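*Asks:* The sequence and its predicted three-dimensional model are supplied below.
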Amino acid sequence: MADWRTRYRPGSFQGLPCLITEVGGTFGRRVAEHELYLGDAHPFQPLGRLPQHLSLSLLLAGDDHVDQADALQDALCADYGTYGAELVHPWRGRLSVVVVGEARRHNTSDRGGETRFEVTFREVAAIRRDPPPDPAGDVARAAGTTRSAAASAAGAGIKAKGFPQYVQDATTGAIRAVHAALAPLRFVQGLDVAVRAFGADVAALITYAETLAQAPAELALGLLGAVDRIGAAGMSARDSLAVYGQLRGLTPRLPRALSAAGRAANANALLVHDVVRVGALYGAAQAAAQVRWLDAAEALAARRALLDELDDLQLRADDALFDALSDLRVAIVALFPADLASAAAVRSVTLPAPLPSAVLAYRFHDDVTRAAEIEERNRVRHPLFVGAGVPVLIAAE
């Protein structure tokens, strides 16, 4: 058997070192004994283990022993809740404990000055609770993994060296097609800032397209960075979803390829589009995590669009990207149930003339504070003119 000295650990409480000079304690099991009338048997019922109590002597010495003792006394008096505090026991290692009853402190100037504590601890079995659900955090973590996997997949998949020039040109052409993808939104009020930022980033990639075609990993990171700028443009989450939706299903026109070089050119173009679509997918998922869904149909449509895009991208993904997209799928599915359960049904109302949103909130809900809800659901451009020739969606109650 190993010598006890080999198992000895320096003692500490909550990270504060101390010398544990004496160790004692109590332990046992709990039983309920039953007395029977005129019976000689004494049945009992086991009730489990008794909590273990540890009686320890803690010694602090040295010129600063008083300061050390003050810090240790504060730690011993603190409240550590359900999980208890960490005690490093000389032989048993790390334990979760609470202080029981009074602790005693003795200061002396003998032997150069020392402070001794006599403390009784009770070992606690900490109740490990699952952390509260964090759907938005799960989506963000899955998005980060997906981004890395997409960049690696594109970096390994885009071919240039050893192929004719037109293979590299196919990559450049795909970048130009991506640049034009958001052109229809550049004049839409509220979306133009994000579209311009995206366009500027992709235009810079086009400028160095010949160089980047020889460095596919940098090209992939550049494309993902351009897509990431959409979410950082300061728009609302709904507007971000609208911009990301314009990149959904983005597919190049591929000519028929009969040679290896032709197939490589098509593969390059497809990879450029796919890396942009992956960036738009995880960006849209993060935006969806911030949206307050106002009706179940809208939330269901958003979830379906995200999952359909994910399904299509997984068909061509390598193993690492496939696994990352699978994790993103789990996060997306977990993102919606609570919203779908609480989303209100809506009805369509046609107004004879435009009205302020506050008037509509009072008329249909008897609550003017719900004007913002009407404005958000209908994407109102001006709160004083709602329903100008179009149906208005109102929560059905």
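*Replies:* Structure received. Since the structure is predicted, the reported quantities are computational estimates derived from the model, not experimental observations.
*Asks:* Check the gap between the one residue sitting closest to the centre of the chain and residue 288 for me.
*Replies:* The residue lying closest to the centre of the chain (C-alpha atoms, centre = their mean) is residue 137, at 1.9 Å. Here residue 137 is placed at a distance of 14 Å from residue 288 (C-beta to C-beta, to the nearest Å). For every residue, glycine as well, the C-beta is placed using N, CA and C.
*Asks:* remind me which residues of the stretch 101-250 of the chain are low pLDDT?
*Replies:* 112, 125-132, 160-171, 184-192, 205-214, 216 (pLDDT under 70).
*Asks:* go again using 50 as the cut-off
*Replies:* The stretch 101-250 of the chain contains residues with pLDDT under 50 at 126-130.
*Asks:* can you pull out the helices in it?
*Replies:* Taking DSSP state H, counting those that start in this stretch as the criterion, the stretch 101-250 of the chain carries its helices at 135-157, 165-181, 192-207, 209-213, 216-231, 237-246.
*Asks:* Which of the three states applies to residue 348?
*Replies:* Using DSSP: H, G, I helix; E, B strand; the rest coil, the structure places residue 348 in strand.
*Asks:* Spatially nearest residue to it (excluding sequence neighbours)?
*Replies:* residue 391 (4.2 Å; C-beta to C-beta, 6 or more residues apart in numbering).
*Asks:* ok, the one you found - how many residues close by?
*Replies:* 12 (other C-beta atoms under 10 Å).
*Asks:* for the one 3 residues further on, same thing?
*Replies:* When neighbours are defined as other C-beta under 10 Å, residue 394 has 21 of them.
*Asks:* confidence score at it?
*Replies:* Residue-level confidence at residue 394 comes out at 77, pLDDT.
*Asks:* just the strands in the protein please.
*Replies:* When assigned using DSSP state E, the strands of the chain occupy the ranges 12-13, 16-17, 19-26, 29-33, 44-49, 53-61, 85-89, 93-99, 104-108, 114-123, 346-349, 392-395.
*Asks:* and of those, who's closest to residue 261?
*Replies:* strand 392-395 (53.2 Å; C-beta to C-beta).
*Asks:* how about CSV for the strands of the chain, with distance to residue 379 added?
*Replies:* Shown next, in CSV, are the strands of the chain (distance: least, C-beta to C-beta, whole Å):
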stretch, distance to residue 379
strand 12-13, 59
strand 16-17, 58
strand 19-26, 67
strand 29-33, 65
strand 44-49, 61
strand 53-61, 64
strand 85-89, 53
strand 93-99, 53
strand 104-108, 68
strand 114-123, 59
strand 346-349, 14
strand 392-395, 10
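*Asks:* Can you tell me which of the ones you listed is nearest to residue 376?
*Replies:* Across the strands of the chain (criterion: C-beta to C-beta), the nearest stretch is strand 392-395, sitting at 10.4 Å.
*Asks:* Describe which strands that closest one pairs with in its sheet and in which direction.
*Replies:* strand 346-349 (antiparallel) (DSSP bridges).
*Asks:* Give the buried residues for the strand it pairs with.
*Replies:* residue 346 (16 or more other C-beta atoms under 10 Å).
*Asks:* Other residues contacting it?
*Replies:* 294-295, 297, 364, 377, 387, 391-396 (C-beta atoms under 8 Å, 6 or more residues apart in numbering).
*Asks:* Kindly report the same for stretch 22-30.
*Replies:* Looking at stretch 22-30 with C-beta under 8 Å, 6+ apart, the contacting residues turn out to be 46-50, 52-57, 89-91.
*Asks:* Also stretch 41-50?
*Replies:* Taking C-beta under 8 Å, 6+ apart as the rule, stretch 41-50 contacts 26-36.
*Asks:* mind listing what's buried in stretch 252-270?
*Replies:* Those would be 252, 261-262, 264-270, for stretch 252-270 by 16+ other C-beta under 10 Å.
*Asks:* do stretch 174-184 as well
*Replies:* Buried residues in stretch 174-184 (16+ other C-beta under 10 Å): 174-175, 177-179, 181-182.
*Asks:* Sort out which one of those residues lies nearest residue 278 for me.
*Replies:* Nearest to residue 278 among the buried residues of stretch 174-184, with distances taken as C-beta to C-beta, is residue 178, at 12.5 Å.
*Asks:* Give the burial count for residue 314, as a bare number.
*Replies:* 16.
*Asks:* That one touches residue 323, doesn't it?
*Replies:* No: using C-beta atoms under 8 Å, residue 314 is not in contact with residue 323, being 9.9 Å away.
*Asks:* How is this protein divided into domains?
*Replies:* With domains defined by automatic domain parsing, the chain comprises 4-123, 135-342, 346-395.
*Asks:* what are the bridge partners for residue 61, then?
*Replies:* Under the criterion used (DSSP bridges), residue 61 bridges to residue 114.
*Asks:* So for it, what's the pLDDT?
*Replies:* For residue 61, pLDDT reads 85.
*Asks:* Hmm, it is touching residue 116, no?
*Replies:* No: contact criterion C-beta under 8 Å: residue 61 and residue 116 do not qualify, at 9.3 Å.
*Asks:* who's more crowded, these two?
*Replies:* The residue with more neighbours, out of residue 61 and residue 116, is residue 116; 20 against 15, by other C-beta under 10 Å.
*Asks:* Now the more buried one: closest residue in space, sequence neighbours ignored.
*Replies:* residue 106 (4.7 Å).
*Asks:* Name all residues that make contact with that neighbour.
*Replies:* With the criterion set at C-beta under 8 Å, 6+ apart, residue 106 makes contact with 115-118.
*Asks:* Could you check how far it is from residue 287?
*Replies:* Counting by C-beta to C-beta, the gap from residue 106 to residue 287 is 63 Å.
*Asks:* And residue 319, by the same measure?
*Replies:* 28 Å.
*Asks:* any chance you could map the helices in the stretch 251-397 of the chain?
*Replies:* If DSSP H, counting those that start in this stretch is used as the criterion, the helices of the stretch 251-397 of the chain fall at 260-288, 296-314, 319-335, 337-342, 357-365, 371-378.
*Asks:* If you count contacts, what does the last one end up packed against?
*Replies:* Read it as helix 371-378. Packing contacts for helix 371-378, counted by 3 or more C-beta pairs under 8 Å, 6 or more residues apart in numbering; DSSP states H and E, involve helix 357-365, strand 392-395.
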